[in-house]
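Undergrad: build me a model from this:
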Amino acid sequence: MKYAIFEEEYPNRMLPFSLTRPSFELIYRYKKIIDWYREKLGNPAGYLLPHRFREKYNSDYETDDFDLIINSTIRPELLGKIDELKDGNSAYEGSRLVAIKGSKKRSEKITVKGYLLQGPWELVKSIENPPFTKSRIEGKLENYTIIDDSRGPVIIESDSQIEAFSRIVGPAYISSGSKISSARISGSFVGNGCRIGGELERSIVDSFTNKAHYGFFGDSYLGINANVGAGSTSSNLKNTYGTVKVKLGNSTFHTGEIKIGAFLGDFSRISINTSIMAGKLVGAGAYVQGVVNKNVKPFTFFNRKGNLELIIEHIRRALARRNIKLDKPLETVIRNAYNVVWRS
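TA: Numbering: from 1, shown residues only. Next comes the predicted model:
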């Protein structure tokens, strides 16, 4: 079946991450959503994305070019049920389009429930259910490290390094090129080329992100190429022990979860000794310090509008430290995203 993935317009349910990359690039159950789609449906024939992504992704299509169009945030475990749609069905969950099967021009609207991810907290909660069942240790372990897979398997990929006095409790995944510096990690995913110290609990750290020093992050998602200064910490539990609410755009969502941490957008910068309250979003490319008790707008410099050229230069420097060049398509995404946020 020739299918395409479409991304909802900004702001959507996968903030703060979906400003700078499509939601299908996010981690769900230790893999990118797009990898789950490929595994179950094959490679997509194309993408229907907001304008800011079009130079990086081949998305110059019309809806009638495809047999099936699916939302980028369908729960991967429900992809098989998409086949149950009849030709000509357009499935909606509330006002959100889930999938179109056949021609949209002759589609019949139907209502479904439970197909779509509701917010980034569900990405974090998904890692409680790993898709792997056995531990695999391929990276370098120094003496005096502890790998505890009694609660779930631990994967440590090759070309990763676990320094002395680190403790990793499964389920956990440490990707290639990452360095764990005398840290305590439990129930977490660490992407490629990361530097992790301190304490990480039930969290996702996406690729090329630094949290190299002491400090705690729990039930959190740290985006690509973010940097967390020494002593910075997220709260993941309210003093009232009540459930955490998360504000996405202009809407506030009741997560139903007692433990929800912080969500740090791609390229965000967290100064030393910063405290981030439960359920708060730090926008892409934002610089923050002190106490973060409300969401932070993307591309801000300590609560002021940031200079785009300086932000891009800082991203270029950070990537160069990983021997990665800031290519033109990614730079265009960042410029377009900045314009989306500050167009008014």
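
Undergrad: sec struct for Glu8, please.
TA: Following DSSP: H, G, I helix; E, B strand; the rest coil, Glu8 is assigned to coil.

Undergrad: check contacts around it.
TA: 18, 23, 71-73, 96-97 (C-beta atoms under 8 Å, 6 or more residues apart in numbering). (C-beta placed from N, C-alpha, C; glycine too.)

Undergrad: walk me through the domains of this structure.
TA: As assigned by automatic domain parsing, the chain contains the domains 3-117, 136-340.

Undergrad: okay if I get those as CSV plus mean pLDDT and distance to Asn129?
TA: Output for the domains of the chain, formatted as CSV (pLDDT from 0 to 100; distance: least, C-beta to C-beta, whole Å):
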stretch, mean pLDDT, distance to Asn129
domain 3-117, 91, 6
domain 136-340, 97, 8
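
Undergrad: in TSV: those, plus distance to Lys125.
TA: Output for the domains of the chain, formatted as TSV (distance: least, C-beta to C-beta, whole Å):
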stretch	distance to Lys125
domain 3-117	10
domain 136-340	7
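
Undergrad: how about those domains, which one is nearest Glu128?
TA: Among the domains of the chain, the nearest to Glu128 by C-beta to C-beta is domain 136-340 (6.7 Å).

Undergrad: can you get me the start-to-end distance on the closest one?
TA: In domain 136-340, first residue to last residue: 43 Å (C-alpha to C-alpha, to the nearest Å).

Undergrad: which non-adjacent residue is nearest Arg136?
TA: Ile155 (5.1 Å; C-beta to C-beta, 6 or more residues apart in numbering).

Undergrad: what bridges to that neighbour?
TA: Arg136, Tyr173 (DSSP bridges).

Undergrad: count the neighbours of it for me.
TA: 23 (other C-beta atoms under 10 Å).

Undergrad: please apply the same query to Phe132.
TA: When neighbours are counted by other C-beta under 10 Å, Phe132 comes out with 16.

Undergrad: mind checking how far it is from Ile162?
TA: 18 Å (C-beta to C-beta, to the nearest Å).

Undergrad: before we move on, the earlier item: for the contacts of Glu8, give me a markdown table that also has distance to Gly218.
TA: Below are the contacts of Glu8 laid out as a markdown table (distance: C-beta to C-beta, whole Å):
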| residue | distance to Gly218 |
| --- | --- |
| Ser18 | 23 |
| Ser23 | 23 |
| Asn71 | 29 |
| Ser72 | 27 |
| Thr73 | 24 |
| Arg96 | 29 |
| Leu97 | 34 |
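
Undergrad: what about the helices in this protein?
TA: 33-41, 120-126, 308-320, 328-342 (DSSP state H).

Undergrad: the ones you listed: which one's closest to Leu237?
TA: Going by C-beta to C-beta, the one of those nearest Leu237 is helix 120-126, 13.5 Å.

Undergrad: just how off-centre is the closest one within its chain?
TA: With C-alpha atoms, centre = their mean, to the nearest Å as the basis, helix 120-126 stands 9 Å off its chain's centre.

Undergrad: other SSEs contacting that helix?
TA: strand 27-28, strand 221-222 (3 or more C-beta pairs under 8 Å, 6 or more residues apart in numbering; DSSP states H and E).

Undergrad: could you rerun that using 10 Å?
TA: strand 27-28, strand 189-190, strand 204-205, strand 221-222, strand 245-248, strand 263-264 (3 or more C-beta pairs under 10 Å, 6 or more residues apart in numbering; DSSP states H and E).

Undergrad: closest to Val124 out of the domains of the chain?
TA: For the domains of the chain, the distance to Val124 is smallest for domain 136-340, at 5.5 Å, taking C-beta to C-beta.
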